[in-house]
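S.K.: Dropping the sequence and predicted coords here.
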Number of protein chains: 2
Amino acid sequence: MSIRDNVSIGLSAAIVSVKGERPSVLVVSHEGSDDALPFGPFDPVRHRTLESGLRKWVGEQTRFDLGYTEQLYTFGDKGRHTPAGTDRHSASSGDGPGRVVSVGYLALTRQGKEVPETQWRGWYHYFPWEDWRDTRPAMIDSAILPALKKFVKDATNSEVAELRRERVNVCFGEGWDEERVLERYELLYEVGLVEEFYRDAGKPVKQTLGTPMQFDHRRILATAIARLRGKLKYRPVVFELMAPAFTLLELQRAVEALAGLRLHKQNFRRLVADQGLVEGTGKWAATARGRPAELFRFRREVLRERQAPGVRLGVRRVKNT
Amino acid sequence: MSIRDNVSIGLSAAIVSVKGERPSVLVVSHEGSDDALPFGPFDPVRHRTLESGLRKWVGEQTRFDLGYTEQLYTFGDKGRHTPAGTDRHSASSGDGPGRVVSVGYLALTRQGKEVPETQWRGWYHYFPWEDWRDTRPAMIDSAILPALKKFVKDATNSEVAELRRERVNVCFGEGWDEERVLERYELLYEVGLVEEFYRDAGKPVKQTLGTPMQFDHRRILATAIARLRGKLKYRPVVFELMAPAFTLLELQRAVEALAGLRLHKQNFRRLVADQGLVEGTGKWAATARGRPAELFRFRREVLRERQAPGVRLGVRRVKNT
DNA sequence: ACATATATACTCGAAATGAGTATTATTGTG
DNA sequence: CACAATAATACTCATTTCGAGTATATATGT
């Protein structure tokens, strides 16, 4: 237990909110460098727990009050936490910048005012292939599948080829599993379809998909999206992202935005109502056209009452609203 | 990002196997001190990833080949990683033993030969209130609920009391949710029903429930059990713990052992078979009494083919076999 | 031959799910 | 002002899954 040189703990947070139909993440962005998630060091002297450290500096830096937070994953890969332009091998030389082990968090919040240096960006900028709400994204057929086919063909032997084929099939084959965000990102990284691959390898950057992020932050964001998409189904977490009162369609749009899928309206309503997740307020939303919708509120009691079920996404996909 | 003093990364593994009807965890045990999970430091110079570091020293120390592994959680709480007998405040004094952030892993393996200094121990030694296979454990009514009632009554105001009541109800109320292992352990810790509470607080130890472990290892084990119980239901992970060929009853017993619940035999069989998780080998097991059971094997192909579903535990609970 | 112990097959009602169709309450337009 | 358009909400229906049995088959031991 004596090795404690050159390791530091970094905390990164994927702070998520939804405005309208856009799931967004809070990023630190500067001219001339890639976007980054808010991150900071963990100071073991000042903070009793990792999470209290996180809440502290997120509060200071972004003035956001994190409601729900959840630890995602701890990443310690050598060569994947390198600022652009830095020699990726410097960490192994003993007293260089040292190794950073980063603990990623997911946080959900309602959207408030922005803070200097930070901005809300739609998460599909970083993962354009993950949004299936309107159509299957065209880049899957035009760019991704051709590259993946080549990846399978380039296998050194037939056994490797078979493993690769299965992986490609699970990630991008028939039967879209909206939760496999991380697996897909890692696959695209491996085949050189995302910019981070070239940066980490010190190679010249090629034309790639989606907007890159600093360090391994896009990987952390992929983990966050995957986790949130999964959690949606069995815990009522969407409500952390909603205003106190909302129409059922607004709720549905939020879930759709996060899941990247369209849902069946009537069944969605039935699910939410039957589970008692929500109760009418007796007020109606002002709508431009059509019959006005009732405003609902989340029945916070369900969190305790029963084993609080989630919004089981009504249906896989559906043609239209 | 300059703080890197006095933090070290420890890796701990809950290595799980099942023999017969006993879910077991590999522990390091010595006369005179509490059991511990195998753990070791993460050496950032030698290892590229946290997981490769883990596999390396687990391999060296225990000679076990970890099949499935999964990162659980990263714990960094001050005062909960203190060896028995050490002043729990020494970590905060700057250049004492320093702060250990520990990354917990879950690993599944088939049981092999034991290694000196380690031993397989049934996990219900540490969590006797979690085994509901035969009956609802008597200690819940005799020891746990009385203490929890007092905990609710001792609340300083009625709002706190209400929150406590809800927590108690979710953890030990009607409708046992076998996945809430960690929540229950944390609650018992808080009310002083587990030994670690007294040790961490530097108080004299009272009569408590279950076998204690060193550091925060029982918490890590609780996390592992919770995760595994959850995962069982949607990924076919049980098979990592089974011999290459097994009868359906053996499979059911393994799932029951892990979940701490009895399942409905006929429905369990239907679920497993209908999902194509398993195929007959045409061989039959030698049984002492009764009609011989066919031996089955796991159809590894399902892992790729479809989005591999898990063994959805047939039923909540059942009177008898 | 039959009691006992298992394994395996089949049945049946209740609930959940997927996919609609039908009805109601608004606004905008000819 | 009637009516097209738009959206909310209600209701229907076939299919699947689930929980809980009963029924039958194949062993062993006496």
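M.R.: Looks like it came in fine. Numbers count the residues shown, from 1 in each chain, chains lettered A, B, ... in the order given.

S.K.: so where does the closest residue to residue A:66 other than its chain neighbours fall, helix or strand?
M.R.: Excluding its sequence neighbours, the residue lying closest to residue A:66 (Cβ to Cβ, 6 or more residues apart in numbering or on different chains) is residue A:107, at 4.3 Å. For glycine as for every other residue, the C-beta is placed from the backbone atoms N, C-alpha and C. In this structure, residue A:107 sits in strand A:99-108 according to DSSP states H and E.

S.K.: any idea of the mean pLDDT in that strand?
M.R.: Averaged across strand A:99-108, the pLDDT comes to 90.

S.K.: who does that strand touch, helix- and strand-wise?
M.R.: Using 3 or more Cβ pairs under 8 Å, 6 or more residues apart in numbering or on different chains; DSSP states H and E, the elements in contact with strand A:99-108 are strand A:7-19, helix A:50-62, strand A:68-75, helix A:217-234.

S.K.: Local confidence estimate at the residue in the stretch 51-200 of chain A positioned nearest to DNA strand D?
M.R.: In the stretch 51-200 of chain A, the residue that lies nearest DNA strand D is residue A:175 (14.1 Å; Cβ to the nearest atom of the strand). The per-residue pLDDT reported for residue A:175 equals 81.

S.K.: What count of nearby residues applies to it?
M.R.: 10 (other Cβ atoms under 10 Å in any protein chain shown).

S.K.: Would you agree it falls within a strand?
M.R.: No - read with DSSP: H, G, I helix; E, B strand; the rest coil, residue A:175 is coil and lies in no strand.

S.K.: Residue A:144 versus the residue nearest the centre of chain A, what's the distance?
M.R.: By Cα atoms, centre = their mean, chain A has its centre lying nearest to residue A:225, at 2.6 Å. Note on residue A:225: its distance to residue A:144, by Cβ to Cβ, to the nearest Å, is 17 Å.

S.K.: again, but for residue A:56
M.R.: Per Cβ to Cβ, residue A:56 is found 40 Å from residue A:144.

S.K.: Comparing these two, which shows the higher neighbour count?
M.R.: Legend: neighbour count by other Cβ under 10 Å for residue A:56 and residue A:144, higher for residue A:144 (21 against 15).

S.K.: you'd agree the more buried one is in a helix?
M.R.: Yes - assessed with three-state DSSP, residue A:144 lies in a helix.

S.K.: could you list every residue that touches it?
M.R.: A:129, A:172, A:188, A:193, A:209 (Cβ atoms under 8 Å, 6 or more residues apart in numbering or on different chains).

S.K.: make it 10 Å
M.R.: A:129, A:137, A:168, A:171, A:172, A:184, A:187, A:188, A:191, A:193, A:209 (Cβ atoms under 10 Å, 6 or more residues apart in numbering or on different chains).

S.K.: For the third one, the count of nearby residues, please.
M.R.: Counted with other Cβ under 10 Å, the neighbours of residue A:168 add up to 19.

S.K.: Mind checking what secondary structure it has?
M.R.: Once three-state DSSP is applied, residue A:168 turns out helix.

S.K.: which stretches of chain A form helices?
M.R.: A:50-62, A:138-139, A:145-153, A:158-172, A:181-190, A:195-201, A:217-234, A:248-259, A:265-274, A:302-305 (DSSP state H).

S.K.: quick one: contacts of the second one?
M.R.: The reference is to helix A:138-139. A:128, A:129, A:145, A:193, A:209, A:210.

S.K.: again, only this time at 8 Å
M.R.: Counting by Cβ under 8 Å, 6+ apart, residues outside helix A:138-139 touching it are A:128, A:129, A:209.

S.K.: One more: the first one?
M.R.: By Cβ under 8 Å, 6+ apart, the surrounding residues in contact with helix A:50-62 are A:9, A:11, A:13, A:15, A:26, A:38, A:40, A:42-43, A:46-47, A:64-66, A:69, A:71, A:103, A:105, A:107, A:115, A:118, B:74-77, B:101.

S.K.: where does chain A have low pLDDT?
M.R.: A:1-6, A:79-98, A:304-321 (pLDDT under 70).

S.K.: Residue numbers of it in contact with DNA strand D?
M.R.: Near DNA strand D, the residues belonging to chain A are A:247-249, A:265-266, A:269-270, A:287, A:289-294 when assessed by Cβ under 7 Å from any atom of the strand.

S.K.: and those residues, which are buried?
M.R.: A:247, A:248, A:265, A:269 (16 or more other Cβ atoms under 10 Å in any protein chain shown).
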